[in-house]
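Colleague: Provided below for reference: sequence and predicted model.
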Amino acid sequence: MSVKYVASSKLPTPWGIFDMHGFEDPQTGKEHVALTFGEWEEGKPVLGRIHSECLTGDALFSLRCDCGFQLQTAMQDIAEAGQGFLLYLRQEGRGIGLINKIRAYELQDKGANTVEANEQLGFAADLRKYDMIAPMLEKIGISQVKLMTNNPRKVNAIKAVGVEVVERVPLQVGKNKHNEFYLKTKSTVLGHLMSEVHFHGND
Ligand SMILES: Nc1nc2c(ncn2[C@@H]2O[C@H](COP(=O)(O)OP(=O)(O)OP(=O)(O)O)[C@@H](O)[C@H]2O)c(=O)[nH]1
Ligand SMILES: [Zn+2]
């Protein structure tokens, strides 16, 4: 199995007190985190987000993408719903890593889109893997998920590792003038489902 559960603690946030569970992947050396909020009956679908690390958006307030806004909104929505989970997966830059993402941003500053930049660097558009989520979800007692995402390919990749996704919940936040082209590329090239109507925040 790809990841090992290590320890749990409380995580107080502006939206409420989550429980935080740490996992280690001995093969990659990556440390992944699961947050849980409230309680659920085993076997019932649970609202949640499977979030890929974006240091720039999640921690450094970048407006180049929508990651930080999605992270905050997901945590807020989970707390408001009274129950839910968030898996924070350490696969920065869709799996190419932080420094390569900065290289990709440099190419994007010169006109490439997010996919072209990856390809110019010799990477596929999306190198993420989801095999670690099955043991993480099992540990926190979840077998069926209502997944907050705009990415149907991610839904399929998650189903492919044996997780039942019973519903896709759109998570369209954070559109601004710096990420307009990026979000457009995600919807036209990467297949993300974005409707103009749902965008809000930082316009
Ligand atoms: N290589 C690369 N990675 C990026 C870029 N912008 C954001 N990322 C990474 O993309 C990942 C998030 O993936 P997204 O494609 O934004 O969204 P998603 O997870 O597929 O779908 P949602 O669930 O709708 O957010 C994070 O790991 C970010 O670090 C970029 O321009 N180039
Ligand atoms: Zn981002």
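Modeller: Received it, and whenever you're ready, just let me know what you need. Ligands and ions are numbered 1, 2, ... in the order given.
Colleague: show me the residues around Gly43 that make contact.
Modeller: Taking Cβ atoms under 8 Å, 6 or more residues apart in numbering as the criterion, Gly43 is in contact with Ser143, Gln144. For glycine as for every other residue, the C-beta is placed from the backbone atoms N, C-alpha and C.
Colleague: Could you give the number of residues near Pro26?
Modeller: Neighbourhood size, Pro26 [other Cβ atoms under 10 Å]: 10.
Colleague: can you offset everything so residue one is 253?
Modeller: Done: numbering now begins at 253, and the last item shifts to Pro278.
Colleague: Look up phi and psi at the nearest residue to it once chain neighbours are set aside.
Modeller: The shortest distance from Pro278 to any non-neighbouring residue, by Cβ to Cβ, 6 or more residues apart in numbering, is to Lys256 (6.4 Å). Main-chain dihedrals, Lys256, degrees, to the nearest 10: phi -120, psi 130.
Colleague: Provide a list of residues in contact with Lys256.
Modeller: Contacts of Lys256 (Cβ under 8 Å, 6+ apart): Phe275, Glu276, Asp277, Pro278.
Colleague: Now do stretch 267-278: everything it contacts.
Modeller: So stretch 267-278 is contacted by 254-264, 282-289, 327-328, 330-332, 338, 384, 387-388, 391-392 (Cβ under 8 Å, 6+ apart).
Colleague: Distance check, Ile394 against Ile302.
Modeller: 11 Å (Cβ to Cβ, to the nearest Å).
Colleague: ok, those two, which is more surrounded?
Modeller: Neighbour count, other Cβ under 10 Å: between Ile394 and Ile302, Ile302 has more, with 27 against 24.
Colleague: Wait, a strand at the more buried one?
Modeller: Yes - inclusion of Ile302 in a strand is indicated when DSSP: H, G, I helix; E, B strand; the rest coil is applied.
Colleague: bridging residues for the closest residue to it other than its chain neighbours?
Modeller: What sits nearest to Ile302 in space, not counting adjacent residues and going by Cβ to Cβ, 6+ apart, is Leu339, at 4.7 Å. In this entry, Leu339 is beta-bridged to Ala286, Ile302, by DSSP bridges.
Colleague: Point out the residues in this structure that sit beside ligand 1.
Modeller: Residues of the chain that fall close to ligand 1, judged by Cβ under 6 Å from any ligand atom: 304-306, 317, 319, 322, 343-346, 348, 353, 356, 366, 370, 401-403, 406, 423, 438, 444.
Colleague: Out of those, which sit inside strands?
Modeller: Among these, the members found in strands (DSSP state E) are Ser304.
Colleague: Now Ile410: closest residue in space, sequence neighbours ignored.
Modeller: Tyr382 (5.4 Å).
Colleague: can you pull out the helices in the chain?
Modeller: With helices called from DSSP state H, the chain shows them at 319-333, 350-361, 366-372, 385-391, 404-412, 432-440.
Colleague: tell me what the last one is packed against?
Modeller: Packed against helix 432-440, as judged by 3 or more Cβ pairs under 8 Å, 6 or more residues apart in numbering; DSSP states H and E, are the following elements: helix 366-372.
Colleague: Counting neighbours, which of the contacts of Lys256 comes out on top?
Modeller: Using other Cβ under 10 Å as the neighbour test, the contacts of Lys256 are led by Phe275, with 22 neighbours.
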